[in-house]
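A.B. asks: Quick check, what structure comes out for this input:
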Amino acid sequence: LIDSVRKYKDTFEIYIAGEGPDAKEIRQYITDTNSEDFITMTGPYNYNEDILNIYSKLDIVYSVYDTSFENVKLALPNKLYEAIVCELPMIVAKNTQLEKFVLDYKIGYSVDDQEVEDLENLLKSIRENPMGLEENSQISLEIKNANFVEEYNKKLLLRYKSLINELDGENSLN
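C.D. replies: Residues are numbered from 1 along each chain as shown. Down below sits the predicted model:
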């Protein structure tokens with residue numbers, strides 16, 4: 001990510017929140033590559049208090065994990081649901097269930113997690129056509145609206161009414 005964004009740092013910035021096991025290594029890499037001018041790394045945060053503020057700083061969610069780990073190929077991380085709720089498109093790893101979901105619902109992009117050039121090409125494409133981000137955000141809004149509890153309650157109520165009507169119809173035939 002850092003290497004790819006460096007090429008387009010006049011257009012993109014990186015915002016890293018949290019303190020994972022590789023935080024020291026990432027901080028050192030940022031320093032070693034003089035990347036401080038386009039990267040903000042905040043460290044630990046309180047999820048309940050800070051998550052909305054964190055997502056408000058983003059235009060796209062980067063959720064590319066190392067696919068050499070089998071669970072990465074199957075997992076749908078919290079970032080997916082958070083991105084949908086925040087109406088943000090995503091960049092995810094190819095050949096994963098997450099990619100299938102993101103591409104099926106047209107809410108983002110996928111890249112090869114081992115190929116820097118793949119991400120660079122995507123960033124170039126986004127830079128040349130930023131409207132694609134807006135289109136993906138709009139679809140996220142539609143998915144969010146269709147899947148909130150209130151919407152499910154309406155669908156569930158309609159289904160119950162239709163079942164009752166079917167049962168009433170069967171009982172009147174007997």
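A.B. asks: Now tell me which helix or strand of this structure has the poorest mean pLDDT.
C.D. replies: helix 131-147 (a mean of 68; mean pLDDT, DSSP states H and E).
A.B. asks: show me the contacts for T67.
C.D. replies: By CB atoms under 8 Å, 6 or more residues apart in numbering, the contact list for T67 reads 73, 93-96, 113-114. The way it works is simple: take the backbone N, C-alpha and C, and place the C-beta from them, glycine included.
A.B. asks: again, only using 7 Å
C.D. replies: 73, 93, 95-96, 113 (CB atoms under 7 Å, 6 or more residues apart in numbering).
A.B. asks: That one and K100, how far apart?
C.D. replies: T67 is 13 Å from K100, where distance means CB to CB, to the nearest Å.
A.B. asks: Could you do R159 as well?
C.D. replies: From R159 to K100 the distance is 27 Å (CB to CB).
A.B. asks: quick one, which of the two is more surrounded?
C.D. replies: Neighbours were counted for R159 and for K100 using other CB atoms under 10 Å; K100 has more, 13 against 10.
A.B. asks: Quick check on the contacts of T67: which are buried?
C.D. replies: When the contacts of T67 are checked for burial by 16 or more other CB atoms under 10 Å, the buried set is 93, 96, 113.
A.B. asks: would a markdown table of those with pLDDT, distance to I16 and secondary structure be doable?
C.D. replies: Shown next, in a markdown table, are these (pLDDT from 0 to 100; distance: CB to CB, whole Å; DSSP: H, G, I helix; E, B strand; the rest coil):
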| residue | pLDDT | distance to I16 | secondary structure |
| --- | --- | --- | --- |
| A93 | 97 | 17 | strand |
| T96 | 96 | 21 | coil |
| D113 | 96 | 17 | coil |
